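*Asks:* what shape does this take:
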Amino acid sequence: MTAQHNKFNFDRLLTFSNVALVATFVAMFVSILVSYPYAHLFTLPQQIAAHISTIVIAGLLKVSYVTRCLAQYNLGLEVR
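*Replies:* Reported below is the predicted structural model:
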């Protein structure tokens, strides 16, 4: 594997991680809204699903952040 090919893979990983961060953040925001302030508008099974999805989405959010940090580190960018 060449260095250029490796850089291309980490560029793609960074792009994917950024998209995943935005998507999981939006999903987390929606699941929290369904779980708490607007719970009265949803059925009990929908509220249960929202509470469970909050936990699952939090894990995916953390994984996407770690992959973003990994890509930034390997591209020589500032990891934040």
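*Asks:* pull out the buried positions in the lowest-mean-pLDDT helix or strand in the chain.
*Replies:* Every helix and strand in the chain was compared by mean pLDDT, DSSP states H and E; the lowest is helix 3-35, with a mean of 94. By 16 or more other C-beta atoms under 10 Å, the buried positions in helix 3-35 come out as 10, 13-14, 17, 20-21, 24, 27-28, 31-32, 34-35. C-betas here are computed from N, CA, C, even on glycine.
*Asks:* what's the very next helix or strand once past that helix packed up against?
*Replies:* Following helix 3-35 in sequence order, the next helix or strand is helix 44-75 (DSSP states H and E). Helices and strands touching helix 44-75, as assessed by 3 or more C-beta pairs under 8 Å, 6 or more residues apart in numbering; DSSP states H and E, comprise helix 3-35.
*Asks:* relative to helix 44-75, how tilted is the helix it packs on?
*Replies:* For helix 3-35 and helix 44-75, the angle between their directions (axes from the mean of the first three to the mean of the last three C-alpha atoms, to 10 degrees) works out to 160 degrees.
*Asks:* now helix 3-35: how far from the chain's centre is it?
*Replies:* Centroid separation for helix 3-35 versus its chain: 5 Å, with C-alpha atoms, centre = their mean, to the nearest Å.
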